[in-house]
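Could you work out the structure for the sequence below:
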Amino acid sequence: MNHVEEERVKNTYKYSEVSHFQMGDGFTRNMEPVKTGRIFLAAVAANLSAFVVGTCLGWTSPVGPKLKAEDTSDSPLSKPINAEEDAWISSLIAIGALIAPFVAGPLADRIGRKWVLLSSSVFFVIASILNMVATDVVVLYCSRLIQGFGVGFVMTVTPMYVGEIATDSVRGATGSLMQLFIVSGILYVYAIGPYVSYQALQWCCIVTPIIFDAVFFFMPESPYYFAGKGRKTDALRSLQFLRGQSAEAVHDEMAEIQANVEEAMANKGTIMDLFKNSGNRKALFICAGLIAFQQLSGINVVLFNSQSIFASANTGLDPAVATIIIGCVQVASSGLTPIVADRLGRKIMLLTSASVMTLGLAALGAFFYMQLEVGDISSVAWMPVPALIVYNIVYCTGFGPLPWAVLGEMFPANIKSVASSMVASTCWILGFVVTRWYPALDALGSYYAFWLFAIFCVVAFFFVLFVVMETKGLSLQEIQDRLNGKTK
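Alright, predicted model coming up:
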């Protein structure tokens, strides 16, 4: 860096009361508009990793019937899998995703958010190769565990990266993109899986992380990470790219980022700091609670077993087609969230999501109860499809994306990676419990499982109503002030 550039960077970080920023008429000379399109470009590129996650989450729905079929001509295994093996294949991804955040969080602070996300693709590629060469169910167990590591990397670091590159006005929208890309990845395998061979599906899955790396490689690192490493020139360039503005125009924001990072570095957070500070405790309780209810709503059961659920319901509609319909509904409804998240606010959307999910799950449970106890269900054979459509719409506009968006904005910089690791692990502990033991509950009667999920959604409604704070339109510092009881 030459002398002129050093001086420019140094001047960019200095506050000046009589600087060239103020004109005699009281207006600011450099009122350059923020080019939010660049923020969304970087956020979309980062969330291509979430698309890959979606292919992993939806993988068992089309693959499960192939692995369980008596005819093993389209299965890599020599014999059909049983219910126990099916449960492990569905749930082991959660174990990998549970462990990974404790590596991904610290690694994001050491080598950067960008490189951790790029490295997640290694896990997905290895897992796809194992799926291709598998001849024993143990190999599929290993591949699902490795997929889980990649999922844990992505879902820990993506909210962190997107939360740090966005402005206050679009953080809710950009934070909601992850759910849209996850369900798009799910739809991808739902639509392809039933109509291609097992091996062809693995090739379709292996290309997605490669495309993500090719696109995201050209995006900037978070300016917060660069500032924390003392790389002020790189931080300034990153912020200029993301805002589409000159160095002078991003002066105030860059100075605020630098001040926040310096304070965070001076007060380097540990896991104990999550519990010592009342604001951090409240943030952890809110984020962990939202993530817990996200999993206890039964979403992974629906995602992993959609085709089997429709086959059991015997609605007369091809289970593969019904599953694709659900996938389309998920994508369409998730597309609404970035548009309305910063208009309606997080809280009202979460309340709506919890209440309507309750109705959808209760209706689904009632259908399976009548199927088992009454027998003749011809008059209500239509019920499962609209019940799951309603459930998926409100999940994808509320409890799907918003807990992750809230996680990206609730914690101060010095403990964000630690907090993200803990909350992401909470997600996958419960994800494993729900998916691993759903078959046992289903054996007693599917209605037990869906009614239990409905009860959890009722509890979630009151949790949001009385515990969750609204973050719409607040800066990261204002959120911290409110969490700590500081008001202006």
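
Would you check that residue 352 makes contact with residue 390?
No - with contact defined as CB atoms under 8 Å, residue 352 does not reach residue 390; the gap is 11.6 Å. (Each C-beta comes from the backbone N, C-alpha and C, glycine too.)

what about the two, which has more around it?
Neighbour count, other CB atoms under 10 Å: between residue 352 and residue 390, residue 390 has more, with 19 against 16.

so where's the stretch 201-350 of the chain shaky on pLDDT?
For the stretch 201-350 of the chain, applying pLDDT under 70 flags the ranges 269, 303-308, 312-316, 341-342.

how about the helices in it?
Residue ranges of the helices in the stretch 201-350 of the chain, as given by DSSP state H, counting those that start in this stretch, are 223-228, 232-243, 251-266, 273-276, 278-296, 299-313, 319-344, 346-373.

The first one: how far from the chain's middle?
Helix 223-228 has its average C-alpha position 23 Å from the chain's average C-alpha position, going by CA atoms, centre = their mean, to the nearest Å.

Outside of it itself, list whatever touches it.
Applying CB atoms under 8 Å, 6 or more residues apart in numbering, the external contacts of helix 223-228 come out as 108-109, 112-114, 164-165, 232, 234-236, 238-239, 242, 254, 257-258, 260-261, 264-265, 413.

related to what we said a few turns ago, need the winner for burial among the helices of the stretch 201-350 of the chain.
Comparing the helices of the stretch 201-350 of the chain by mean neighbour count (mean count of other CB atoms under 10 Å), helix 223-228 ranks first with a mean of 24.

Extract the CA atoms of that helix and return them as CSV.
What follows is helix 223-228, C-alpha atoms only, in CSV (Å, rounded to 0.1, in the frame of the first residue of the first chain):
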residue,chain,number,x,y,z
PRO,A,223,-15.9,-5.9,6.7
TYR,A,224,-16.4,-6.8,10.4
TYR,A,225,-13.9,-9.7,10.0
PHE,A,226,-11.3,-7.5,8.2
ALA,A,227,-11.7,-4.8,10.8
GLY,A,228,-11.2,-7.3,13.6
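
Give me the below-cutoff pLDDT ranges for the stretch 51-200 of the chain.
In the stretch 51-200 of the chain, no residues with pLDDT under 70.

any chance you could map the helices in it?
So, for the stretch 51-200 of the chain - with DSSP H, counting those that start in this stretch - the helices run 60-68, 83-99, 101-111, 113-133, 137-165, 171-175, 177-192, 198-216.

So which of those helices is nearest residue 42?
Proximity to residue 42, assessed across the helices of the stretch 51-200 of the chain by CB to CB, is greatest for helix 137-165 (5.5 Å).

How far does that closest one sit from its chain's centre?
That offset, for helix 137-165, works out to 10 Å (CA atoms, centre = their mean).

Could you pull out the buried residues of that helix?
Buried residues in helix 137-165, counted by 16 or more other CB atoms under 10 Å: 137, 139-165.

before we move on, what about stretch 67-82?
67, 68, 74, 75, 76, 77, 81.

Tabulate those (a markdown table), appending distance to residue 405.
Listed next are the buried residues of stretch 67-82 as a markdown table, based on distance: CB to CB, whole Å:
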| residue | distance to residue 405 |
| --- | --- |
| 67 | 35 |
| 68 | 37 |
| 74 | 40 |
| 75 | 39 |
| 76 | 38 |
| 77 | 40 |
| 81 | 37 |
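
Surely residue 102 touches residue 421?
Yes - between residue 102 and residue 421 there is a contact under CB under 8 Å: 5.2 Å.

Neighbour count for these two, which is higher?
residue 421 (22 against 16).

In contact with that one, which residues?
Taking CB under 8 Å, 6+ apart, one finds 101, 102, 104, 105, 106, 156 in contact with residue 421.

mind redoing it with 7 Å?
Contact partners of residue 421, counting by CB atoms under 7 Å, 6 or more residues apart in numbering, are 101, 102, 104, 105, 156.

where's it, which helix or strand?
Remark: residue 421 resides in helix 416-444, with elements defined by DSSP states H and E.

Could you list the buried residues of the helix or strand just after that helix?
Remark: after helix 416-444, the chain's next helix or strand is helix 446-466, criterion DSSP H and E. For helix 446-466, the neighbour count (16+ other CB under 10 Å) marks 446-447, 449-454, 456-457, 460-461, 463-464 as buried.

With just CA atoms, put the helix or strand following helix 446-466 into PDB.
Reading on from helix 446-466 to the C-terminus, the next helix or strand found by DSSP H and E is helix 476-483. What follows is helix 476-483 as a C-alpha-only set of coordinates in PDB (Å, rounded to 0.1, in the frame of the first residue of the first chain):
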ATOM      1  CA  LEU A 476     -27.400  -3.600  16.000                       C
ATOM      2  CA  GLN A 477     -26.400  -1.200  18.800                       C
ATOM      3  CA  GLU A 478     -30.100  -0.300  19.400                       C
ATOM      4  CA  ILE A 479     -30.900  -4.000  19.800                       C
ATOM      5  CA  GLN A 480     -28.100  -4.300  22.400                       C
ATOM      6  CA  ASP A 481     -29.400  -1.300  24.300                       C
ATOM      7  CA  ARG A 482     -32.900  -2.700  24.500                       C
ATOM      8  CA  LEU A 483     -31.600  -6.100  25.600                       C
END
